[in-house]
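> Structure, please.
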Amino acid sequence: MVIADYMMWYDASTFDGSSTWDVPAAGPYNSGDYGVIQRQVAEAQQACLDGFAAHWYGPDDPTTTNNFNKLLQASAGTNLRHTIVIQANIVGNASEDGIAAAIRYALDNWAYGPNYLRLGGRPVLVFTDMDRPWGSDAAAADGWARIRAAVDPNHNSIWMAEGLYPTFNRCSTVCTSTASTTATIPILAQAAALGGRPARRGKPDRQQPVLRRHHRRRLRRHALGEPVRRSAQQRPALRRDRQGGAYYADTFAVTSQTGGDFLFVKSFNEWIEGTEIEPGASYGDAYLNQTCGFANEYRSR
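Alright, predicted model coming up:
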């Protein structure tokens, strides 16, 4: 499977030049515009993706809830299958009960629809920022285990816990690593296979294994109002030149060493972090086409 992270909360002001290093080739857009979603569905097919991992803040957030419904509607009749990235755990009033309620909502309302991602008949849910809202991996692992026991004790759905280490394997079905450096990906793959932690070799890059990153990182306040901690000028280590697609190719090349069977593209349209493959004014649809080549190569292994 090859899926790409998908953001559903933009409005035209996102692309006013102060928050992103580039702008969409189609111009500023609102994520709730059905025509925009239809275009993005077509672009996902051009990129040879199996679907999107759509970032969702829970049923109390009407923007991402309604826009995921529109995405499923726009994908009808296609081979695209989408999953959601549960982010009810990062909202300001997050609680175990609230996270559990969000998961139940997804399972009850979306998980068995025709364009939702299922593997072996089991719907897929993706999770991130795993230490939140508990504040530590140890407390979070216990919290997620309680949620899993309450919501899906028989593991009828597949939970993918994003993280650098397999800390949450006991409460999820699959654990994915998020390293982006060519040196780190094989190390983490080996550690995951052994069920342990890799030896630390500096601080890994906190991005997905396959990504495009930008030469100029601009940050703005998060959609949920989180403060920006540092400016782009203060975070030079997070800048990475795309090198006309060469950096993307380098990060994809080492995935052959992992033996993994589920590939995340980071990202389809994370314009704030600058990892997007969605067509941009400066590079057109080059990354859609490059992604298609990578996806087909990955599937052929």
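> helices and strands around the strand or helix carrying Trp159, which ones?
Counting by DSSP states H and E, the element that carries Trp159 is strand 158-162. With contacts defined as 3 or more C-beta pairs under 8 Å, 6 or more residues apart in numbering; DSSP states H and E, strand 158-162 has these neighbours: strand 122-127, strand 174-176. Quick note: C-beta positions are derived from backbone N, CA and C, even for glycine.
> Give the next helix or strand downstream of the least confident helix or strand in the chain by mean pLDDT.
The weakest-scoring helix or strand in the chain, judged by mean pLDDT, DSSP states H and E, is strand 210-211 (a mean of 42). Once the chain leaves strand 210-211, the next helix or strand it forms, by DSSP H and E, is helix 246-253.
> Each with direction, which strands does the helix or strand that comes right after that following helix pair with?
Going down the chain from helix 246-253, the next helix or strand is strand 263-266, by DSSP H and E. Applying DSSP bridges, strand 263-266 is found paired with strand 2-6 (parallel), strand 210-211 (parallel).
> State the separation between whichever helix or strand comes after the first one and the centre of the chain it belongs to.
Counting by DSSP H and E, the element after strand 2-6 in chain order, helix or strand, is helix 34-46. Counting by C-alpha atoms, centre = their mean, to the nearest Å, helix 34-46 is centred 17 Å from the centre of its parent chain.
> Please work out which residues outside helix 34-46 touch it.
4, 6, 26, 29-31, 51-52, 67, 70-71, 73-75, 78-80, 268-269, 278-279, 285, 288-289, 292 (C-beta atoms under 8 Å, 6 or more residues apart in numbering).
> Take those and keep only those in strands.
Among the contacts of helix 34-46, the members falling in strands are 4, 6, 51-52 (criterion: DSSP state E).
> Save those as CSV, and put in neighbour count and distance to Leu107 too.
Shown next, in CSV, are the ones in strands among the contacts of helix 34-46 (neighbours: other C-beta atoms under 10 Å; distance: C-beta to C-beta, whole Å):
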residue, neighbour count, distance to Leu107
Ala4, 30, 23
Tyr6, 29, 20
Gly51, 24, 17
Phe52, 29, 18
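> What is the nearest of those to Gly58?
Of all those, Tyr6 has the smallest distance to Gly58: 16.4 Å, by C-beta to C-beta.
> How about the contacts made by the closest one?
Contacts for Tyr6 (C-beta under 8 Å, 6+ apart) come out as 40, 52-55, 71, 82, 267-269.
> now do Gly17
Val23.
> Buried residues, stretch 26-40. List them.
Neighbour-count burial for stretch 26-40, counted by 16 or more other C-beta atoms under 10 Å, picks out 29-32, 36-37, 39-40.
> With stretch 39-53 instead?
Result for stretch 39-53 [16+ other C-beta under 10 Å]: buried residues 39-41, 43-44, 47-53.
> Over to stretch 134-142?
Result for stretch 134-142 [16+ other C-beta under 10 Å]: buried residues 134, 140-141.
> again with stretch 62-82
63-65, 67-68, 70-72, 74-75, 80-82.
> With stretch 108-117 instead?
So stretch 108-117, judged by 16+ other C-beta under 10 Å, has buried residues 110-111, 113, 115-117.
> Which two among the residues you listed are spaced furthest apart?
Ala111 and Asn115 (11.2 Å).
> His55: what's its closest spatial neighbour, skipping adjacent residues?
What sits nearest to His55 in space, not counting adjacent residues and going by C-beta to C-beta, 6 or more residues apart in numbering, is Val85, at 4.7 Å.
> thinking again about what came up before, mind giving me a markdown table with the strands paired with strand 263-266 and columns for distance to Ile158?
Converted to a markdown table, the strands paired with strand 263-266 look like this (distance: least, C-beta to C-beta, whole Å):
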| stretch | distance to Ile158 |
| --- | --- |
| strand 2-6 | 13 |
| strand 210-211 | 20 |
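> Would you single out the least confident of those strands?
With a mean of 42, strand 210-211 has the lowest mean pLDDT of the strands paired with strand 263-266.
> follow-up on the earlier one: can I get the buried residues of stretch 62-82 in TSV with distance to Gly259 and pLDDT?
Converted to TSV, the buried residues of stretch 62-82 look like this (distance: C-beta to C-beta, whole Å; pLDDT from 0 to 100):
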residue	distance to Gly259	pLDDT
Thr63	38	97
Thr64	33	97
Thr65	36	98
Asn67	35	98
Phe68	31	98
Lys70	36	98
Leu71	31	98
Leu72	32	98
Ala74	34	98
Ser75	30	98
Leu80	26	98
Arg81	23	98
His82	25	98
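> Most widely separated two among the residues you listed?
Most distant of the buried residues of stretch 62-82, by C-beta to C-beta, are Thr63 and Arg81, 22.4 Å apart.
> what about Ala139, distance to Ala111?
As for Ala139, its distance to Ala111 is 28 Å (criterion: C-beta to C-beta, to the nearest Å).
> All set now, cheers.
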